[in-house]
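Colleague: A structural model of the following input is requested.
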Amino acid sequence: MTGLLHRVAEVDRPSLRLSVDGRDITALAGDTLLTALLVAGTRLRESEFGDGPRAGFCLMGACQDCWVWTEAGGRLRACSTPAEAGMRILTGAAPWP
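Modeller: Residues are numbered from 1 along each chain as shown. Presented below is the predicted three-dimensional model:
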């Protein structure tokens, strides 16, 4: 799948793998989750309010547009959370406890 974002610089950073909705993706050390997800795909998530695909909005943690979840139910802002090897992220319906 071609991503929404394309790397043009800093491509020599170490890579890491994480899982997004059960699919393994590769990110680079220092990427945020938002960067990793948009390099790997064409959207961050679907809006829970039914108004379509989302790709982040403010990119600085002030809005509510980039929420993703851990498999354990924790909520993360994709724009300000560093991607880490082994993360297991969900972008669909919130896994509320």
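Colleague: strands of the protein, start to end?
Modeller: 15-20, 23-28, 45-46, 53-54, 67-70, 75-77, 88-90 (DSSP state E).
Colleague: do you know which of those lies nearest residue 9?
Modeller: Smallest distance to residue 9 across the strands of the chain (CB to CB): 10.9 Å, for strand 23-28. Backbone N, C-alpha and C define where each C-beta goes, glycine included.
Colleague: quick check: angle from that closest one to strand 15-20?
Modeller: 150 degrees (axes from the mean of the first three to the mean of the last three CA atoms, to 10 degrees).
Colleague: buried sites along strand 23-28?
Modeller: 25, 27-28 (16 or more other CB atoms under 10 Å).
Colleague: and it, which strands flank it?
Modeller: With DSSP bridges as the test, strand 23-28 is paired with strand 15-20 (antiparallel).
Colleague: same question for the strand it pairs with, mean pLDDT?
Modeller: Here strand 15-20 scores 96 as its mean pLDDT.
Colleague: next one: stretch 38-55
Modeller: Stretch 38-55 comes out at a mean pLDDT of 76.
Colleague: please apply the same query to stretch 77-85.
Modeller: 95.
Colleague: just use 47 as the starting number from now, easier for me
Modeller: Yep, numbering from 47; the last one is stretch 123-131 now.
Colleague: so which bits of it are buried?
Modeller: Residues of stretch 123-131 classed as buried: 123-125, 127, 129 (neighbour count, 16+ other CB under 10 Å).
Colleague: same check on stretch 78-94?
Modeller: Buried, per 16+ other CB under 10 Å, within stretch 78-94: 78-87, 89-91.
Colleague: who's in contact with that stretch?
Modeller: Identification of contacts with stretch 78-94 by CB atoms under 8 Å, 6 or more residues apart in numbering yields 47-53, 64, 66, 71-74, 77, 98-102, 105, 111-114, 122, 124-129, 133, 135, 137-140.
Colleague: can I have the buried ones of those as a ChimeraX selection?
Modeller: Selection of buried members from those for ChimeraX, criterion 16+ other CB under 10 Å:
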select :49,64,66,71,73,74,77,100,101,102,105,111,112,113,114,124,125,127,129,133,135,137
